[in-house]
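> what shape does this take:
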Amino acid sequence: MNELVRPQKIGASACPHDCPSTCALEVEIFDDHTIGRVHGARDNAYTAGVICAKVARYAERVHHPDRLKQPLRRIGGKGSGQFAPVAWDDALDIVADAFTRAEQKHGSEAVWPYLYAGTMGYVMRDGIHRLRHAKKYSGFFSTICVNPAFTGFIAGTGKLAGADPREMAKSDLVVIWGTNAADTQVNVMTHAMRARKKRGAKIAVVDVYMNTTMKRADLPVLIRPGTDGALACAVMHCLFRDGKADWDYLERYTDAPHELAKHVQARDPQWAAAITGCPVPTIEAFARLIGERKRAFFRLGYGFSRSRNGAVNMHAASCIAAVTGAWRLEGGGAFHNNGGVFHLNNSVIEGTDLRDPSIRMLDQSRIGAILTGDKEALLGGPPVTAMLIQNTNPLAVAPDQNTVRRGFARDDLFVCVHEQFMTDTAKAADIVLPATMFVEHDDFYTAGGSQYILLGPKLVEPPGECRNNHEVICGLANRLGAKHPGFDMTPRQLSTCLYKNQAGARLPSLSQSAGSIASRILTPRIISTALPIRTANSASSRIGRRCRFSAGTATRSQRRCRSCRIIGR
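Numbers count the residues shown, from 1 in each chain. A predicted model of the protein is given here:
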């Protein structure tokens, strides 16, 4: 008879993936090296016990037989995938020597540390910047994902912050715009479906193809890529035309509302239909739904970043909630990302006190052009002849793949890749170092899709000779003569520095046991999150909201601005 094997304990953690939800996790731990099923934490009001299937089965990744477990040195031709084991000290010596030779020949900017979002933990993701600042290596300008969407939303709110996303469950209309939440952000659907079941809320979805979320909507609004702004203008046209604009709110909390009304006067559904490809009746129905259900929550996604005019499209869409005055109501308003509410001090982790503003910032998206010697992409500087790559696989994800592959094939380019598996980029490397996974190191996370900050403690030992990003960065810093206090600190000490100099800030003891779920969750009420002035601009006019916190009328005990519902002190 088979006996049920139960885990020894449940460890608290946080999902490290580049997803706004940053789910709070409960991880089954069987022994010092083995995890089991991963569950969503029920005591986190946003995760609410629900996580995606990919993370639930993370044990399959952690214990996969193909994981890299020892350092490797290339012994065949570039990209041949022929490697031989090498000791850690020897591997780091080889990398340090290659970086030193590159610097001696072309200057420090010939070395380019390259990263992205393989982990969203602050310590393991951002520590590579401390090395580049200390050594004056070429800078890294991140351009692949969020820039247009962030810019457009901030143009309207003045800050990367919005209504509490848990309020979707208290909405009468959830507008999911530019994100396939049913497949990629399950928590959005959790709260939207709760509103539908408990309040009879409607769900409207705007997207460019009939994806899973569109199929679950009460009103799917299908448009051509990059035409969101035209749809938003037509919706606002209808709201002004039909008397659904909240003029009291607009006059009190926005600027230039009359100019906005004039701007969209000629942008009716017929005009928008020709641009968006969306039928006039659908546009009218969408606007009518928004006008009739003032308690509307606009969940604006990252699809806005996928077009050149994404910033103005996001900006226009975010204005709709201001026109209706939805911000007045709990369950109403707009949300994209809450990265602006945490007020973290990342200077020690990134070593920004050593930053030299004269050092060039190379465009992440143009790695192909940079590695093939494009003078414009190199900003007139020296060639890149040495790289350290963590948390990303550019040979598989960076734009202009053929050019990227030609760049990595250069015989004079030295590449060190720190990875969990033998990816395309790792196969093109000279040195491959085995990396830990999130349950095998300490780190600290913030949830861009909610108001939670989370500690992800080390729960199990890594397999073989895997080392975490911080260990690799510190090991190279020691060999390269790079000096900074952050190189002598532990990941938990660096995590504590994130709240250094924040008035009233406090963290729970980071020495609590890994299984202590209470140590994981801390709401940002401990820090100053009051927003001063937020504005929302259309293509030709500027409207905005002034939060009551900006006038100094809120006391520290108040949690929300009654006008805009944004989390306050």
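
> quick check: longest helix of this protein.
Ranked by residue count under DSSP state H, the longest helix found in the chain is helix 88-106.

> helices or strands up against it?
strand 72-74, strand 111-115, strand 386-390, strand 414-419, strand 431-434, helix 469-480 (3 or more CB pairs under 8 Å, 6 or more residues apart in numbering; DSSP states H and E). The way it works is simple: take the backbone N, C-alpha and C, and place the C-beta from them, glycine included.

> what are the boundaries of the helices in the stretch 401-550 of the chain?
401-408, 424-427, 469-480, 491-497 (DSSP state H, counting those that start in this stretch).

> surely residue 317 touches residue 228?
Yes. Between residue 317 and residue 228 there is a contact at 5.7 Å, judged by CB atoms under 8 Å.

> joint contacts of these two?
Common neighbours of residue 317 and residue 228, counting by CB atoms under 8 Å, 6 or more residues apart in numbering, are 177-178, 304.

> residue 105: which of the residues you listed is nearest?
Proximity of the shared contacts of residue 317 and residue 228 to residue 105 (CB to CB) peaks at residue 304, which lies at 42.8 Å.

> tell me where the stretch 201-350 of the chain has strands.
202-207, 219-222, 296-300, 333-335 (DSSP state E, counting those that start in this stretch).

> could these go into a markdown table alongside mean pLDDT and distance to residue 235?
A markdown table is the format used below for the strands of the stretch 201-350 of the chain (pLDDT from 0 to 100; distance: least, CB to CB, whole Å):
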| stretch | mean pLDDT | distance to residue 235 |
| --- | --- | --- |
| strand 202-207 | 98 | 10 |
| strand 219-222 | 98 | 10 |
| strand 296-300 | 98 | 11 |
| strand 333-335 | 97 | 13 |
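
> out of the shared contacts of residue 317 and residue 228, who's nearest residue 216?
So of the shared contacts of residue 317 and residue 228, ranked by how close each gets to residue 216 (CB to CB), first place is residue 177, at 14.5 Å.

> neighbours of the closest one, how many?
Burial of residue 177 is recorded as 26 neighbouring residues (other CB atoms under 10 Å).

> show the backbone phi and psi for it.
phi -130, psi 120 (degrees, to the nearest 10).

> okay, now the closest residue to it other than its chain neighbours: neighbour count?
Computed as CB to CB, 6 or more residues apart in numbering, the closest residue to residue 177 that is not its neighbour in sequence is residue 206, at 4.2 Å. Neighbours of residue 206 under the rule other CB under 10 Å: 29.

> list the contacts of residue 80.
74, 427 are the contacts of residue 80 under CB under 8 Å, 6+ apart.

> same thing but 10 Å
74, 427-428 (CB atoms under 10 Å, 6 or more residues apart in numbering).

> skip the chain neighbours and tell me the closest residue to residue 296.
residue 173 (4.0 Å).

> and the one you found, bridged to which residues?
Beta-bridge pairing of residue 173 under DSSP bridges involves residue 202, residue 296.

> quickly note the distance from it to residue 232.
From residue 173 over to residue 232 the distance is 15 Å, taken as CB to CB, to the nearest Å.

> for the residue lying closest to residue 329 once chain neighbours are set aside, give its distance to residue 245.
Take residue 329 and drop its neighbours on the chain: the residue closest to it by CB to CB, 6+ apart is residue 295, 4.7 Å away. Distance of residue 295 to residue 245, given as CB to CB: 16 Å.

> out of the shared contacts of residue 317 and residue 228, which comes closest to residue 333?
residue 177 (13.4 Å).

> give me every residue that touches residue 228.
152, 177-178, 206-208, 221, 276, 300, 303-304, 307, 309-310, 312-317.

> okay, it: pLDDT?
Looking at residue 228, its pLDDT reads 98.

> likewise for residue 6?
pLDDT, residue 6: 85.

> list phi and psi for it.
phi -100, psi 150.

> could you give the number of residues near it?
Neighbour tally, residue 6, other CB under 10 Å: 9.

> look up how far residue 384 lies from residue 326.
48 Å.

> pick out whichever of those two has more residues nearby.
Just comparing residue 326 and residue 384: by other CB under 10 Å the higher neighbour count belongs to residue 326, 29 against 26.

> low pLDDT regions in the protein?
1-4, 501-569 (pLDDT under 70).

> closest one to residue 192 among the helices and strands packed on helix 88-106?
Short answer: strand 111-115, nearest of those by CB to CB, at 33.2 Å.

> how far is the closest one from where the chain is centred?
How far strand 111-115 lies from its chain's middle: 20 Å, per CA atoms, centre = their mean, to the nearest Å.

> and if you look at stretch 330-349?
11 Å.

> put the alpha carbons of it into PDB.
Output of stretch 330-349 as PDB, limited to C-alpha atoms (Å, rounded to 0.1, in the frame of the first residue of the first chain):
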ATOM      1  CA  GLU A 330     -14.200  52.500  -4.400                       C
ATOM      2  CA  GLY A 331     -14.000  50.000  -7.200                       C
ATOM      3  CA  GLY A 332     -13.400  52.800  -9.700                       C
ATOM      4  CA  GLY A 333     -10.400  54.500 -11.300                       C
ATOM      5  CA  ALA A 334      -7.500  53.300 -13.500                       C
ATOM      6  CA  PHE A 335      -4.500  51.100 -12.800                       C
ATOM      7  CA  HIS A 336      -1.400  50.000 -14.700                       C
ATOM      8  CA  ASN A 337       1.400  49.500 -12.200                       C
ATOM      9  CA  ASN A 338       2.100  50.500  -8.600                       C
ATOM     10  CA  GLY A 339       5.800  50.700  -8.900                       C
ATOM     11  CA  GLY A 340       5.700  54.400  -7.700                       C
ATOM     12  CA  VAL A 341       4.200  53.700  -4.300                       C
ATOM     13  CA  PHE A 342       7.100  51.900  -2.600                       C
ATOM     14  CA  HIS A 343       9.800  54.600  -2.400                       C
ATOM     15  CA  LEU A 344      12.600  52.100  -2.200                       C
ATOM     16  CA  ASN A 345      16.200  53.200  -1.800                       C
ATOM     17  CA  ASN A 346      18.100  51.000  -4.200                       C
ATOM     18  CA  SER A 347      21.400  52.900  -4.000                       C
ATOM     19  CA  VAL A 348      23.300  50.300  -2.100                       C
ATOM     20  CA  ILE A 349      22.200  47.400  -4.200                       C
END
